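Enquirer: Give the three-dimensional model of this entry:
(2 chains)
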Amino acid sequence: MSKRKFNKTSKCRFCRMGIEEVDYKDIQNLQKLTTTQGKLFSRKRSGNCAHHQHSVKISIKRARFMSLLPYVT
Amino acid sequence: MNVRMYEGLFLIDNAYASTEWENVVKHIQDVLQKNGAEILKTEKWGEKKLAYKIKGHKRGTYFLIHFNAKNSAIVTIRRDFQLSDYVVRSLIVRDDKIEELSQIGLSEVPVEKDNSKIPEIADTVLLETSDVPAKVSDGI
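Expert: Numbers count the residues shown, from 1 in each chain, chains lettered A, B, ... in the order given. The predicted structure follows:
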């Protein structure tokens, strides 16, 4: 029972959704991975795997450039 | 010589977007076609509030376009858009999967992990995607 629960929560959110690469246009999901100041959450806080944390980092920076997300608030 | 698929997102000055949208779209398509690009799909996002001021603009209209182009032509395409009056800011990114990305961009609905709901959401998203490009092409 507890083992199954552990397996469910152990995957990162993008692995669970089956998304391969995070899209910079998907602002609703990216906003959940930033603080109220607009800073990126750490890998420990967001629970993302290495692959997805890397693509989150790239796509947040792209979204910031296009003014979809703030640099600082 | 390599032809690749690219995705460009353009932030367009609202003064031009509200008055002469057709000219703006034509200008962007002309620049791309002049550099030998083949346009696959266009999509207009509505007017949005910007996260921060760019050159005094507080609001802007986004225009998304998918195209095939030679990798050597991208440098000149980027420079042409920097010189353009209509385009406030532009981002051109290499893109391999046109359908999946456009679905995410259109729907803006976070896909839940619940398996039973996914087919329904996917169906509605597909309907939306089939409707919206038709409207856009009429407008052009």
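Enquirer: and the closest residue to A:Leu68 other than its chain neighbours, how many neighbours?
Expert: Spatial nearest neighbour of A:Leu68, chain neighbours left out: A:Ile27 (5.3 Å); criterion: C-beta to C-beta, 6 or more residues apart in numbering or on different chains. For glycine as for every other residue, the C-beta is placed from the backbone atoms N, C-alpha and C. Using other C-beta atoms under 10 Å in any protein chain shown, A:Ile27 has 18 neighbouring residues.
Enquirer: Kindly report the same for B:Thr19.
Expert: Quick note: B:Thr19 (other C-beta under 10 Å) scores 9 neighbours.
Enquirer: ok, now how distant is it from B:Leu9?
Expert: 22 Å (C-beta to C-beta, to the nearest Å).
Enquirer: One more: B:Ala69?
Expert: Applying C-beta to C-beta to B:Ala69 and B:Leu9 gives a distance of 15 Å.
Enquirer: any idea of the pLDDT on B:Lys70?
Expert: Per-residue pLDDT puts B:Lys70 at 85.
Enquirer: Up against chain B, what does chain A have?
Expert: A:16-17, A:19, A:23-29, A:62, A:64-71 (C-beta under 8 Å from any C-beta of the partner chain).
Enquirer: Quick check: beta-bridge partners of B:Arg59?
Expert: For B:Arg59, the beta-bridge partners are B:Lys49 (DSSP bridges).
Enquirer: that older thread, is it true that the residue nearest to A:Leu68 touches A:Met66?
Expert: No: contact criterion C-beta atoms under 8 Å: A:Ile27 and A:Met66 do not qualify, at 10.0 Å.
Enquirer: Could you list the alpha-carbon positions for the helix ranked longest in chain A in PDB?
Expert: Counting residues, the longest helix found in chain A (DSSP state H) is helix A:50-65. In PDB, the C-alpha atoms belonging to helix A:50-65 read as follows (Å, rounded to 0.1, in the frame of the first residue of the first chain):
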ATOM      1  CA  ALA A  50      16.800  16.400 -14.100                       C
ATOM      2  CA  HIS A  51      15.500  16.300 -17.700                       C
ATOM      3  CA  HIS A  52      12.400  18.300 -17.000                       C
ATOM      4  CA  GLN A  53      13.900  20.800 -14.600                       C
ATOM      5  CA  HIS A  54      16.400  21.600 -17.400                       C
ATOM      6  CA  SER A  55      13.600  22.200 -19.900                       C
ATOM      7  CA  VAL A  56      11.600  24.200 -17.400                       C
ATOM      8  CA  LYS A  57      14.600  26.400 -16.900                       C
ATOM      9  CA  ILE A  58      15.000  27.000 -20.600                       C
ATOM     10  CA  SER A  59      11.300  27.600 -21.200                       C
ATOM     11  CA  ILE A  60      10.800  30.000 -18.300                       C
ATOM     12  CA  LYS A  61      13.700  32.100 -19.600                       C
ATOM     13  CA  ARG A  62      12.100  32.100 -23.100                       C
ATOM     14  CA  ALA A  63       8.700  33.100 -21.600                       C
ATOM     15  CA  ARG A  64      10.400  35.900 -19.700                       C
ATOM     16  CA  PHE A  65      12.000  37.200 -22.800                       C
END
